[in-house]
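A.B. asks: coordinates only, no sequence provided:
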């Protein structure tokens, strides 16, 4: 199910958007995304990045946030513990290992409103923090 939702559905949505006239696609991926990764999550994120780029948008912005800091309705104990720990770490190293979801959302909007730096722009966690606060 994860592969279908995070790769296949996203790639299909990108194709539909392009067919509908979309010129700039913004994709939220993950820090460490790599199509050759041994970890399923990072491999799928890397694969979908490549599939979306292959669609042929005039511009494609890929955001690779670290651990997202947010409140969830569903129970994810390991993620909750990571968020608690990284929330404390973020006070000392605010852009290293985590990012609030609100910052990611603001960076997504800003990436659309600002001129691009080429056809494909990849924003790593530190870049997301900067753009999300601009």
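C.D. replies: Received it, and whenever you're ready, just let me know what you need. As the structure is a computational prediction, the values presented were derived from the model and not from experiment. Numbering: from 1, shown residues only.
A.B. asks: hey, what's residue 124 bridged with?
C.D. replies: Counting by DSSP bridges, residue 124 is bridged to residue 64.
A.B. asks: would you map the strands across the protein?
C.D. replies: For the chain, applying DSSP state E gives strands covering 24-28, 59-64, 67-69, 98-100, 120-124.
A.B. asks: and the first one, what other elements does it pack with?
C.D. replies: Read that as strand 24-28. Helices and strands touching strand 24-28, by 3 or more Cβ pairs under 8 Å, 6 or more residues apart in numbering; DSSP states H and E, are helix 10-19, helix 40-54, strand 59-64, helix 101-113. Yep, even glycine has a C-beta here, placed from its N, CA and C like the rest.
A.B. asks: mean neighbour count, these: which tops it?
C.D. replies: Of all the helices and strands packed on strand 24-28, strand 59-64 carries the top mean neighbour count, a mean of 22, counting by mean count of other Cβ atoms under 10 Å.
A.B. asks: name the residues that touch that one?
C.D. replies: By Cβ atoms under 8 Å, 6 or more residues apart in numbering, the residues outside strand 59-64 that reach it are 23-33, 49, 52-53, 104, 107-108, 111-112, 116, 119-125, 128.
A.B. asks: the same query, at a cut-off of 7 Å, please.
C.D. replies: Strand 59-64 is touched from outside by 23-31, 33, 49, 52-53, 104, 107-108, 111, 116, 119-125, 128, with contacts defined as Cβ atoms under 7 Å, 6 or more residues apart in numbering.
A.B. asks: follow-up on the earlier one: any idea which of the strands of the chain scores lowest on pLDDT?
C.D. replies: Across the strands of the chain, strand 67-69 has the smallest mean pLDDT, namely a mean of 83.
A.B. asks: packing partners for it?
C.D. replies: helix 77-92, strand 98-100, helix 101-113 (3 or more Cβ pairs under 7 Å, 6 or more residues apart in numbering; DSSP states H and E).
A.B. asks: sheet-wise, list the partners of it with their directions.
C.D. replies: strand 98-100 (parallel).
A.B. asks: tell me which helix or strand in this structure has the weakest average pLDDT.
C.D. replies: With mean pLDDT, DSSP states H and E as the measure, the helix or strand of the chain carrying the lowest mean pLDDT is helix 77-92 (a mean of 73).
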